[in-house]
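S.K.: 3D model of this:
(2 chains)
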Amino acid sequence: MTLIQEHQAQTAVQAVVNDFSIQVATVNGSGSQSANNILMRSIFRMGIPVSGKNLFPSNIAGLPTWFTIRANARGYIARKKESDVLVCLNPNTVAEDIREVRPGAAIVYRDEFEGLIARRSDCHFYPVPLEKLVSAVCADSKLKKLVVNMVYVGVLAELLSIDMQTVEQETRKMFGRKAKALEMNLAAVHQGADWAKEGIAKTDPFRLQRMDKTAGKIIIDGNAASALGSIFGGCSVVTWYPITPSSSLAESLTDYAKKYRVDPKTGKACIAIVQAEDEIAAIGMALGAGWGGARSMTCTSGPGISLMGEFAGLSYFADVPTVVFDVQRIGPSTGLPTRTAQGDLLQVAFLSHGDTQHIMLFPGSVEECFALAVEAFDLAERFQTIIFVMSDLDLGMNNWMADPFAYPEKPFDRGKVLSPEDLDRLQGKWERYRDVDGDGIGWRTIPGTEHKAAGYFTRGSGHNERAVYTEKPQDYLNLMGRLKRKYESAQKALPKPVVSESAGARVGLVAFGSTHWALVEARDQLAREAGLETSYLRLRAYPFDPSVREFVAKHDRVYVVEQNRDGQMAQLLRLECPEHAARIRSVLHYNGLPVDARSVTSGILGQEKE
Amino acid sequence: MSAPAKTNRLGLTREDYKGSPSTLCPGCGHDAITNHLQAAAFEYGLEPQRMIKLSGIGCSSKTTNYFMNLSHGFNSVHGRMPSIATGAMLANGELMAVGVSGDGDTASIGIGQFIHLVRRNVKIVYVIENNGVYGLTKGQFSATADVGSKAKSGVANELFPLDCCALAIELGCGFVARSFSGDGKQLIPLIKGALSHRGTAIIDVISPCVTFNNHDGSTKSYPFVKEHDEPIHEVGFVPFYEEIRVDFEPGMTKDVPLPDGSRVTLRKLERDYDPTDRMEALRLIHESREAGELLTGLLHIDTTRPSFNERLDLDDSAPLSCMPQEKLRPSRAALDEIMRALM
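M.R.: Numbering: from 1, shown residues only, chains lettered A, B, ... in the order given. I've put the predicted structure just below:
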């Protein structure tokens, strides 16, 4: 047996199959997105659970960007803290990228970077003559910069045993409409793969192997899922202002609407989509439309939420429905616009001056981005108020594997609306803000209702049950009392938390939104590595369901895991159950990267040891 | 014109167009405008149920409560009425929208939304009740106060005024008028004309504030405005449902057709003015300001631009507000198709 054969035999024994992450370090605007998506989708097509995350700067071209792909047989799709396979395409970050990689990692890099790097003895180094390889398939110097990305796809396919037919298939899917581009990109893939057969002596243990865990699944980003939820939720007026990371929600919605919300006979639109001049106008239009009887929405991020504050108070105080998607990013101020966070909770919960309380929904997956969007429009009209759907950049802009979305079976709930017939039956006697049903929700009429008694006056100033201006102390108290009752009614109607209990567990975990995926994995790590059994409650709405308080009461220590500095959800929980405040602890991850399981696990174990 | 009949074409009386009692200062110009709005709506035969009244914050914005109680009204937040109006008209473009705002609400805090409303050409009659001061906060200058105009305290305004009419014309507005709250004869036909316009109609009405801006040295006081008000032409209105032929003296009256078949008539006074000429309108506004004149009348009209709703090419089988679920929720097959594409 030769040395190499011996080595190969050894690595075969220690092979790491379907459990590693690939990090592609590149330059923003270099066109690597398509290549990375082909890589990710090829792994997905091989039946291996996968996720792809783009860690990008607030920049159009030139600054460093990283794309991470995680393949995991057990279905863990949160970000993995350390990369196992590193692809170095950015000379400005290559030294640091290599320094930070875990021991044992495989490092693929452009051979011209040789002088820039210090080789570590604990990693596997594969220099690739990318320039030479791409020049063989592409002469155009501009095009070459794009096509070179497909060469490393070929190299990785060979290195990691990604099925070449699958790569070809995905390349066709990506470039299928442009024959010349397809031909050139396919040639680049083969060029990379063929070279790697001879040019790389594999010493690392990482490889992929076909399995059957992704059959029937889809890949979608959360913003597209929210957009689809809005389309199927019957949203009819969309008003928005561009802001990262929410713009793609509106753009995706616009694309889907062109196909699925036009009348097939006339070609006319059954939805109005308007790019507003700013977020104040966006929420104003959404509320005008909601007041006018449309199912309306806007989407934004933290800075936009700040601007919407005054209108949010009007919605609360005057009972005007709309839906706001907050795709959260790092703040305060401009913050890190392309980095993920869950830092808008306190601001949104009490958005606006005076006593305000708002309803928030927390989708934890792309399936829920869809389903809770559908539900949000019903809730807005049922409770005649603003509903916030709290997503984040990681959930909204990254690619997630999911089950196909379930078609919404429940017909629209348009809430308490009086028709001309109702008004006849009532002999025209009704009062807009009278709590006739005891749930805090009055009956409304839609402008344009053909009845002499339909009109009423909506105002952000003091009003009584007949919607008439008042500054009487008792009228104000009545109004605020009713709004409180309405909020309590809403609490009962919101999506329940999802609880996974371990019998006898003394430690409870609470998370929401995109944090869920790291938490699922961290729970397993805690049990496997530290023997710590935990119960887990995933929040899906605020105000909290009563079962949340019970969950807190049931556990000695409750770790609230979230992506902000101040433990905002933990603070809301302490407000909810002050008697249990001492049990509530925080595990926080807020450096802008999507939270990973290892950080959660060590955060919990660190506090458990104290 | 003959005296108003007791009932209008819908069989409604003037009472049916009334609102709640005004709480503004006695003698406020805004109350006169409220009356003119009621009169215009009554005479026009506007269906109260088809009308929405929208406003921001300020003395002027309160007035949407003082007319047409049978209509829906929305007194929203300061300077943001245009966005509420835009949204409401998206929900139901068959409605008639009347927005009432002030010079602070429009020209200061709301100037951005005003500009974009006009750019979009949302179908609305937008009345600016312009008195040059903030009334509710007791007399601070607004952005429409003229240079040299004095506040009650005697301080003179030094900043250049913002002219909402010139701005609207610049932005492509197709119906721009200026009037005086004390001149119902002119204002009422202007409002009716605006109701028949297909897009945004701006009427800037000088409306003196009796409490904070009616003193000597103010260019928005009753005496000053009465003295300087110079109508460009005599405005008349013939609604689409009336067959009455007006006998025009040749060369003396311009007959401007509106999209719904109504007509605005403009009878020549001192000057020969063509309001369809945008450049002439801008020149007139600038020249009259230099000359210290307050020209009133229909400054500009252009009925060719489509409204915002028309541009959006919305399904016209029903307003979005009452579109049935079949039109708002795609089929199960559609979702299947979308899901397959994502596999």
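
S.K.: going forward, measure contacts between C-alpha atoms and count neighbours the same way
M.R.: Noted.

S.K.: Contact partners for residue 262?
M.R.: Using chain A. A:268-271, B:315 (C-alpha atoms under 8 Å, 6 or more residues apart in numbering or on different chains).

S.K.: my question was about chain B
M.R.: Contacts of B:Ser262 (C-alpha under 8 Å, 6+ apart): B:193, B:196, B:237-241.

S.K.: And it, its phi and psi?
M.R.: Per-residue torsions, B:Ser262: phi -70, psi 170 (degrees, to the nearest 10).

S.K.: Just flag the most distant two among the contacts of B:Ser262.
M.R.: For the contacts of B:Ser262, the farthest-apart pair by C-alpha to C-alpha is B:Gly193 and B:Tyr241; their separation is 13.4 Å.

S.K.: Tell me which residues are up against the host helix or strand of B:Tyr126.
M.R.: Taking DSSP states H and E as the definition, B:Tyr126 sits inside strand B:124-130. Strand B:124-130 is contacted by residues B:30, B:33, B:60, B:85, B:96-103, B:106, B:144, B:191, B:194-195, B:199-208 when judged by C-alpha under 8 Å, 6+ apart.

S.K.: Quick check: can you name the pairing partners of that strand and their directions?
M.R.: Strand B:124-130 has the following strand partners under DSSP bridges: strand B:96-102 (parallel), strand B:200-206 (parallel).

S.K.: Return the distance of the first one from the chain's centre.
M.R.: When you say that, I think you mean strand B:96-102. Centroid separation between strand B:96-102 and its chain, computed with C-alpha atoms, centre = their mean, to the nearest Å, is 6 Å.

S.K.: For that strand, which outside residues touch it?
M.R.: B:50-61, B:63-64, B:81-82, B:85, B:89, B:123-131, B:195.

S.K.: Average pLDDT for stretch B:31-44, rounded please.
M.R.: The pLDDT scores in stretch B:31-44 average 98.

S.K.: now check that stretch, is it near chain A?
M.R.: No. Taking C-alpha under 8 Å from any C-alpha of the partner chain as the criterion, stretch B:31-44 and chain A are apart, separated by no less than 15.2 Å.

S.K.: Who are the contact partners of the residue of the stretch 501-610 of chain A found nearest chain B?
M.R.: Using C-alpha to the nearest C-alpha, the point where the stretch 501-610 of chain A gets nearest to chain B is A:Ser514, with a distance of 20.6 Å. By C-alpha under 8 Å, 6+ apart, the contact list for A:Ser514 reads A:363-365, A:391-392, A:394-395.

S.K.: redo that, cut-off 10 Å
M.R.: A:78, A:222, A:340-342, A:362-366, A:391-396, A:562-563, A:594-595 (C-alpha atoms under 10 Å, 6 or more residues apart in numbering or on different chains).

S.K.: What of A:Phe325?
M.R.: A:223, A:226-227, A:246, A:249, A:297-301, A:305, A:360-361, A:369, A:373, A:376, A:387-392.

S.K.: If it is in a bridge, with which residues?
M.R.: So, taking DSSP bridges as the rule, A:Phe325 has A:Cys299, A:Val389 as bridge partners.

S.K.: what about it, distance to chain B?
M.R.: According to C-alpha to the nearest C-alpha, to the nearest Å, A:Phe325 stands 17 Å off from chain B.

S.K.: Among the contacts of A:Ser514, which lie within helices?
M.R.: Those of the contacts of A:Ser514 mapping onto helices are A:222, A:366, A:393-396, per DSSP state H.

S.K.: If you rank these by neighbours, which is first?
M.R.: A:Asp394 (33 neighbours; other C-alpha atoms under 10 Å in any protein chain shown).

S.K.: Isn't that one up against A:Ile77?
M.R.: No. Contact criterion C-alpha atoms under 10 Å: A:Asp394 and A:Ile77 do not qualify, at 11.8 Å.

S.K.: related to what we said a few turns ago, quick check: neighbours shared by B:Gly193 and B:Tyr241?
M.R.: By C-alpha under 10 Å, 6+ apart, the residues touching both B:Gly193 and B:Tyr241 are B:44, B:262.

S.K.: More neighbours: which of the two?
M.R.: B:Gly193 (28 against 12).

S.K.: For that one, list the residues it contacts.
M.R.: B:Gly193 touches B:40, B:44, B:125, B:175, B:187, B:201, B:235-239, B:256-258, B:262-265, B:298, counting by C-alpha under 10 Å, 6+ apart.

S.K.: quick one: buried residues of the host helix or strand of it?
M.R.: Taking DSSP H and E as the criterion, B:Gly193 maps to helix B:184-195. By neighbour count with 16 or more other C-alpha atoms under 10 Å in any protein chain shown, helix B:184-195 contains the buried residues B:184, B:186-195.

S.K.: and the residue nearest to A:His353 when sequence neighbours are not counted, what does it touch?
M.R.: Excluding the flanking residues, the one nearest A:His353 by C-alpha to C-alpha, 6 or more residues apart in numbering or on different chains is A:Gly313, at 6.8 Å. Taking C-alpha under 10 Å, 6+ apart, we find A:Gly313 in contact with A:319-320, A:350-358, A:385-386, A:460, B:77.

S.K.: Just the pLDDT for the residue lying closest to A:Pro91 once chain neighbours are set aside.
M.R.: Excluding the flanking residues, the one nearest A:Pro91 by C-alpha to C-alpha, 6+ apart is A:Phe113, at 6.5 Å. pLDDT for A:Phe113: 96.

S.K.: Was I right to think A:Phe113 contacts A:Ile98?
M.R.: No. The pair A:Phe113 / A:Ile98 is not scored as a contact, 11.5 Å apart, by C-alpha under 10 Å.

S.K.: In the contacts of A:Val262, find the pair that's most separated.
M.R.: For the contacts of A:Val262, the farthest-apart pair by C-alpha to C-alpha is A:Lys268 and A:Ile271; their separation is 9.1 Å.

S.K.: Give me the common contacts of these two.
M.R.: Common contact partners of A:Lys268 and A:Ile271 (C-alpha under 10 Å, 6+ apart): A:258, A:261-262, B:312-315.

S.K.: Keep only those of the residues you listed that are in helices.
M.R.: Using DSSP H, the shared contacts of A:Lys268 and A:Ile271 in helices are A:258, B:312.

S.K.: Narrow the shared contacts of A:Lys268 and A:Ile271 to just the buried residues.
M.R.: By neighbour count, with 16+ other C-alpha under 10 Å, these hold A:261-262, B:312, B:314-315 as buried.

S.K.: Which of those residues sits closest to A:Ser333?
M.R.: Nearest to A:Ser333 out of those is B:Leu312 (C-alpha to C-alpha; 34.5 Å).
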